[in-house]
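*Asks:* Okay, structure incoming, though there's no sequence with it:
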């Protein structure tokens, strides 16, 4: 993408809000495979997983003027895809064979029809978990996940090795996953998009 030199997420989202098709294409290529793998892991059907990806990005394009470029695009993507997957699962859960397969896959620990956790609740829980991190780890997590800096860029800023940054991010993600508990769908979606 020649006209998006820095690939900074906020810059790209700003361009998307202004109807920039290349910015949309960049975001699609950045996240579509992750969304597909996640949707397929739950739905076990390539066609359904493709439909989730297409519908998610269709809605993102439709709502592009409402995306706040000052906020995380991944959070917006999370919200849209989360609700689409829940809707698809509810539809699929009407099929007994699929329901049995899903129960086996998740060791019968979760009833997805009752999982009504909305994005705002999840975001609040994630923010609480991030706030519990040690100060330096919290700073590293936010630089990476909220501001989009690479491990190498963060290491340069903080005067440490990139491996140290990677270790700190892994510890932060482990803490957040533990804090989110056993609500398997939001945990999986969080790790797919942010992990």
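*Replies:* Structure received. If you're wondering where the values come from, they're calculated on a predicted model, not measured in any experiment. Numbering: from 1, shown residues only.
*Asks:* Going by C-alpha atoms from here, please, whenever you check contacts or count neighbours.
*Replies:* OK.
*Asks:* what's downstream of the longest helix belonging to the chain, the next helix or strand?
*Replies:* Identified as the longest helix of the chain according to DSSP state H is helix 21-43. On the C-terminal side of helix 21-43, the nearest following helix or strand under DSSP states H and E is helix 46-62.
*Asks:* quick one: the longest helix of the chain to helix 46-62, angle?
*Replies:* 140 degrees (axes from the mean of the first three to the mean of the last three Cα atoms, to 10 degrees).
*Asks:* Show me what helix 21-43 is packed up against.
*Replies:* The contact analysis (3 or more Cα pairs under 8 Å, 6 or more residues apart in numbering; DSSP states H and E) places helix 21-43 against helix 9-17, helix 46-62, helix 73-92, helix 184-194.
*Asks:* Of the ones you listed, which stretch is the most buried?
*Replies:* Among the helices and strands packed on helix 21-43, helix 9-17 has the highest mean neighbour count (mean count of other Cα atoms under 10 Å), at a mean of 21.
*Asks:* pLDDT on it, on average?
*Replies:* The average pLDDT within helix 9-17 is 87.
*Asks:* coming back round to it: closest to residue 166 out of the helices and strands packed on helix 21-43?
*Replies:* helix 184-194 (13.3 Å; Cα to Cα).
*Asks:* one step back: relative to residue 176, tell me which of the helices and strands packed on helix 21-43 wins on proximity.
*Replies:* helix 184-194 (8.9 Å).
*Asks:* still on that earlier bit, mind checking how far the longest helix of the chain is from the chain centre?
*Replies:* Centroid separation for helix 21-43 versus its chain: 10 Å, with Cα atoms, centre = their mean, to the nearest Å.
*Asks:* Stretch 146-154 too?
*Replies:* With Cα atoms, centre = their mean as the basis, the mean position of stretch 146-154 lies at 17 Å from the chain mean.
*Asks:* before we move on, back to that, could I get the helices and strands packed on helix 21-43 in a markdown table, plus columns for distance to residue 156?
*Replies:* Converted to a markdown table, those look like this (distance: least, Cα to Cα, whole Å):
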| stretch | distance to residue 156 |
| --- | --- |
| helix 9-17 | 20 |
| helix 46-62 | 34 |
| helix 73-92 | 24 |
| helix 184-194 | 22 |
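*Asks:* Listing request: residues of the protein with sub-threshold pLDDT.
*Replies:* 1-7, 69-70, 92-123, 181-195 (pLDDT under 70).
*Asks:* Which residue ranges make up each domain of it?
*Replies:* Following automatic domain parsing, one finds the domains of the chain at 1-115, 117-195.
*Asks:* hmm, back to that, list the buried residues for the longest helix of the chain?
*Replies:* 22-24, 26-28, 31-32, 34-40, 42-43 (16 or more other Cα atoms under 10 Å).
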